[in-house]
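here is a sequence together with a model predicted from it:
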Amino acid sequence: MTIEELLAELMLTCEFGAIIAPIESVSGGFLHRMYKVTTDCGTYAVKHLNQEIMRRPGVHDNYARAEKIECMLEKEGIPIVPSIAVHGSKMQNIEGHYFYIFSWQKGHITDWNNISNEQCRMAGSILGRIHAIKPENVPHQEPELSEIHWHEYVLKAKEEKSEIASLLADNEELLVYAEKEMNKARTALPGVLCVSDEDMDPKNIMWDNGTPWVIDLECLDYGNPISHVLQLSLQWSGITTCDMNIDKMLAFFDGYLEAYDNCFRGYSDVLGLAYTWVEWLEYNIRRALGECVDEAERTLGISEVRNTIDRIKYIRSVERNIKDALDSRLPRIDTERFDNHDDRIVKALTGHEAIKQTHSPEKCVYQT
């Protein structure tokens with residue numbers, strides 16, 4: 001069946017009416033495909049989930065967990081655009097193809113090159129509100145570390161005469177460094193867990209007359225708030241476009257820490273998390289080398305390999321400036337209201353000395 005036939009059957013099966021206008025392909029991120037569908041009942045955004053991803057072990061469990069968290073965010077009043085449940089099910093299956101249906105949200109995505117400080121602050125505040133829903137200390141566990149065989153990809157790309165062969169070879173040493181820094185930072189993270197949306201970057205917030213609405217929520221999960229706020233603050237402040245603005249990063253943190261503050265200030269010690277892009281790079285290397293559903297996806301993979309390597313090179317060039325700002329310009333800790341999670345890497349803003357954790361590890365340390 002063509003995508004037009006699949007969408008027509010989907011809308012009729014879900015009782016959203018017959019399609020009355022040409023289906024429009026709209027931006028849906030780098031993994032899935034999104035369509036604007038107008039029926040005699042209304043206008044909808046329909047996400048067609050990537051078939052290769054849907055065949056992965058455990059993926060349906062991940063989506064089911066994200067759907068439950070989505071409902072949790074709705075109840076908490078977080079400004080989101082949730083998928084529509086039909087007969088109790090959010091994910092729809094038509095002929096082995098999986099879809100989510102959304103009400104069409106008015107507004108626009110902010111141009112990555114023209115994000116304002118205020119938008120960064122508002123986005124940070126939303127993330128803080130999400131992290132404040134159900135945070136908890138958890139026993140420290142050794143993280144799952146990345147182990148990417150860069151040299152094997154270099155050899156395979158050369159063997160296949162791929163467009164990305166020279167790019168991988170020229171940057172192999174940098175990629176090894178970036179992965180090592182990322183693993184070191186993951187090992188250093190304190191044991192904290194919360195509800196989170198680590199995919200809440202600028203492409204996933206719609207702005208309607210200045211009001212933000214979070215979209216693309218299938219990545220909702222439980223995660224480490226320290227990791228997620230650091231990475232998202234960097235994305236909102238220009239790391240993705242290789243045009244870092246420290247003031248925007250600090251505005252994001254201002255909004256975040258006003259909504260939720262776990263007293264952690266050792267962000268410079270875990271800046272290696274910024275190199276999480278290496279895992280996105282590996283995924284796109286695989287797509288560029290043929291692990292994809294069609295030529296369009298392979299072409300996208302090649303483009304993202306180039307973009308992501310440029311981004312990793314840029315992060316390396318501004319690493320020192322970011323660390324300096326994280327050490328000296330974040331809001332001070334209000335010790336009367338908060339306590340820290342973990343004494344291994346937390347730093348006081350004044351003097352940069354390590355704060356010694358005085359309570360027992362079992363004690364709840366969130367805002368009172």
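Structure's in. What do you need?

how about the closest residue to residue 313 other than its chain neighbours, what does it touch?
Taking CB to CB, 6 or more residues apart in numbering as the measure, residue 313 lies nearest to residue 174, with 6.5 Å between them; neighbours along the chain are not counted. Any C-beta I mention is one placed from the backbone N, CA and C, and that applies to glycine too. For residue 174, the contact set (CB atoms under 8 Å, 6 or more residues apart in numbering) comprises 312-313, 316.

equivalent analysis for residue 19, please.
Taking CB under 8 Å, 6+ apart, we find residue 19 in contact with 7-8, 11, 37-39.

now the two most distant members of those.
When these are compared pair by pair using CB to CB, the two farthest from each other are 8 and 38, 12.0 Å apart.

care to break this structure down by domain?
Taking automatic domain parsing as the domain assignment, the record places the domains of the chain at 3-104, 112-328.

using a markdown table, lay out those together with distance to residue 334 and mean pLDDT.
Below are the domains of the chain laid out as a markdown table (distance: least, CB to CB, whole Å; pLDDT from 0 to 100):
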| stretch | distance to residue 334 | mean pLDDT |
| --- | --- | --- |
| domain 3-104 | 24 | 96 |
| domain 112-328 | 8 | 97 |
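
which of the ones you listed sits most buried?
With neighbours defined as mean count of other CB atoms under 10 Å, the domains of the chain peak in mean count at domain 112-328, which reaches a mean of 18.

give me the contacts around stretch 235-244.
By CB under 8 Å, 6+ apart, the list of residues contacting stretch 235-244 from outside reads 112-113, 115, 119-120, 123-124, 201-202, 234, 245-249, 251-252, 274, 310-311, 314-315, 318, 321-322.

restricted to helices, list those.
By the criterion of DSSP state H, membership of the contacts of stretch 235-244 in helices covers 119-120, 123-124, 234, 246-249, 251-252, 310-311, 314-315, 318, 321-322.

burial count for the closest residue to residue 250 other than its chain neighbours?
Spatial nearest neighbour of residue 250, chain neighbours left out: residue 329 (5.6 Å); criterion: CB to CB, 6+ apart. The local packing count at residue 329 equals 13, with neighbours defined by other CB atoms under 10 Å.

phi, psi of residue 329?
Torsion angles at residue 329 (phi, psi; degrees, to the nearest 10) stand at phi -120, psi 0.

from residue 259, how far off is it?
Residue 329 sits at a distance of 19 Å from residue 259 (criterion: CB to CB, to the nearest Å).

what about the strands in this protein?
Counting by DSSP state E, the segments of the chain that form strands are 24-26, 33-39, 42-48, 92-94, 97-103, 108-109, 136-137, 192-196, 205-208, 211-214, 221-223.

looking at these, which is closest to residue 269?
Checking the strands of the chain against residue 269 by CB to CB gives strand 192-196 as the closest, at 14.6 Å.

would you confirm that residue 48 contacts residue 96?
No. Checked against CB atoms under 8 Å, the pair residue 48 and residue 96 is beyond contact range at 11.9 Å.

how about the contacts made by residue 204?
If you count contacts by CB under 8 Å, 6+ apart, residue 204 has them with 29, 197, 214-216.

turn those residues into JSON lines, columns for distance to residue 57.
Supplementary listing: the contacts of residue 204 in JSON lines, determined by distance: CB to CB, whole Å:
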{"residue": "29", "distance to residue 57": "22"}
{"residue": "197", "distance to residue 57": "23"}
{"residue": "214", "distance to residue 57": "28"}
{"residue": "215", "distance to residue 57": "27"}
{"residue": "216", "distance to residue 57": "23"}
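
going by distance to residue 280, which of the residues you listed wins?
If you rank the contacts of residue 204 by distance to residue 280 using CB to CB, residue 29 comes first, at 11.9 Å.

beta partners of residue 100?
For residue 100, the beta-bridge assignment (DSSP bridges) gives partners residue 47.

what residues does stretch 48-63 touch?
3, 6, 28, 31-35, 91, 97-100, 218, 221, 291-293.

if we can go back for a sec, between the contacts of residue 204, which is nearest residue 16?
Each of those was checked against residue 16 using CB to CB; the closest is residue 215, at 18.7 Å.

how close does the closest one get to residue 79?
Computed as CB to CB, the residue 215 to residue 79 distance reads 10 Å.
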